[in-house]
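Undergrad: all I have is the shape, not the residue letters:
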Ligand code: PAF
């Protein structure tokens with residue numbers, strides 16, 4: 001496995017590749033990321049992981065500074081997972097000047113849920129993903145469904161810019177208590193970790209009720225918010241939405257229940273397709 005830090009070296013390393021399959025990450029990798037890499041492997045001739053903590057997608061007061069940078073350990077794990085090439089640029093390499101051109105995603109998709117609580121987040125994500133796809137000349141890009149809205153926004157961007165990239169979404173990898181794997185789980189204290197599976201459980205209860213025929217979605221959302229608050233969480237939202245575009249839930253279309261909540265100072269997100 002090769003590790004490169006500049007766009008020039010990346011281009012050189014990819015000179016013979018016809019179909020790079022790319023897994024964009026911010027590093028601090030866990031088994032969920034490695035599942036993305038293993039999924040990417042048969043989808044291209046060169047498996048590329050990118051590692052870049054993207055300042056543009058962090059808001060004021062968020063965890064940009066303390067986001068763990070663990071390049072050496074990440075690379076060892078990527079190599080074991082069969083990755084061929086790692087692109088880990090510095091900030092100066094990826095943003096040599098202030099990034100004045102940015103991608104403004106459709107507010108109808110990007111200004112709700114995560115976008116409502118993290119203004120500018122999807123502009124930052126789309127801008128860096130567009131740049132990473134351009135740098136790696138990706139033909140396939142694999143993302144986790146844990147960031148469900150992110151996946152939809154990226155698919156939308158790829159379609160609207162006619163990028164020659166297949167966007168693949170991979171099911172969320174979970175711990176044994178249901179907690180969705182996330183780099184931010186590492187922020188949890190042992191006591192918080194012991195109750196962190198609750199978010200997945202309340203979403204599962206919503207999903208089960210909908211599957212059982214419940215159509216009072218607001219009631220289910222409120223019950224879920226109440227369960228989280230009663231256990232000391234500070235939820236931002238629990239929302240039952242249409243899978244295709246996250247508009248409010250309607251009968252007879254595939255739905256997804258999404259949630260975001262803070263446990264102490266750690267903000268966790270999760271979702272379940274229904
Ligand atoms: O999901 C992530 O880790 C990030 O949002 C991504 C897609 C790597 C862009 O920085």
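TA: Ah, there it is. Only a predicted model underlies this, so the values are computations on that prediction, with no experimental measurement involved.

Undergrad: give me the three-state assignment for residue 267.
TA: strand (DSSP: H, G, I helix; E, B strand; the rest coil).

Undergrad: next, count neighbours for it.
TA: Residues lying near residue 267 (other Cβ atoms under 10 Å) number 18. For every residue, glycine as well, the C-beta is placed using N, CA and C.

Undergrad: same question for residue 46.
TA: Neighbours of residue 46 (other Cβ under 10 Å): 22.

Undergrad: A strand includes residue 237, no?
TA: Yes - counting by three-state DSSP, residue 237 is part of a strand.

Undergrad: whichever strand or helix holds residue 193: which residues count as buried?
TA: Assigning secondary structure by DSSP states H and E places residue 193 in helix 190-195. Neighbour counts over helix 190-195 (16 or more other Cβ atoms under 10 Å) mark 192-193 as buried.

Undergrad: show me how far it is from its chain's centre.
TA: Distance, stretch centre to chain centre, for helix 190-195: 23 Å (Cα atoms, centre = their mean, to the nearest Å).

Undergrad: over to stretch 220-237?
TA: 22 Å.

Undergrad: repeat for stretch 217-230
TA: 24 Å.

Undergrad: and stretch 186-200, by the same measure?
TA: Stretch 186-200 has its C-alpha centroid displaced from the chain centroid by 19 Å (Cα atoms, centre = their mean).

Undergrad: can you give me the end-to-end distance of it?
TA: Terminal residues of stretch 186-200 are spaced 17 Å apart (Cα to Cα, to the nearest Å).

Undergrad: same thing with stretch 46-60?
TA: 37 Å.

Undergrad: ok but residue 86 is inside a strand, no?
TA: Yes - using three-state DSSP, the secondary structure at residue 86 is a strand.

Undergrad: tell me the buried residues in the next helix or strand along the chain from the helix holding residue 193?
TA: Next helix or strand after helix 190-195 toward the C-terminus (DSSP H and E): helix 198-211. By 16+ other Cβ under 10 Å, the buried positions in helix 198-211 come out as 198-200, 202-207, 209-210.

Undergrad: is residue 76 within a helix or a strand, and which one?
TA: Using DSSP H and E, residue 76 sits within helix 71-80.

Undergrad: close to the ligand: what parts of this structure are there?
TA: Residues of the chain found near the ligand (Cβ under 6 Å from any ligand atom) are 24-26, 54, 57, 125, 128-129, 147, 150.

Undergrad: most neighbours of all those, which one?
TA: In these, the most neighbours by other Cβ under 10 Å go to residue 129, 28 neighbours.

Undergrad: tell me which strands and helices the helix or strand containing that residue is in contact with?
TA: Element membership for residue 129, per DSSP H and E: helix 121-136. Helix 121-136 sits against helix 7-13, strand 20-25, strand 46-51, strand 85-87, helix 91-94, helix 114-117, helix 148-160, with contacts defined as 3 or more Cβ pairs under 8 Å, 6 or more residues apart in numbering; DSSP states H and E.

Undergrad: mind running it again at 7 Å?
TA: The contact analysis (3 or more Cβ pairs under 7 Å, 6 or more residues apart in numbering; DSSP states H and E) places helix 121-136 against helix 7-13, strand 20-25, strand 46-51, helix 114-117, helix 148-160.

Undergrad: in CSV: the residues of the chain next to the ligand, plus distance to residue 13 and pLDDT.
TA: As requested, the residues of the chain next to the ligand are exported to CSV (distance: Cβ to Cβ, whole Å; pLDDT from 0 to 100):
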residue, distance to residue 13, pLDDT
24, 17, 98
25, 18, 98
26, 21, 98
54, 21, 98
57, 26, 98
125, 25, 98
128, 20, 98
129, 20, 98
147, 27, 98
150, 27, 98
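
Undergrad: since that was my last question, I'll sign off now.
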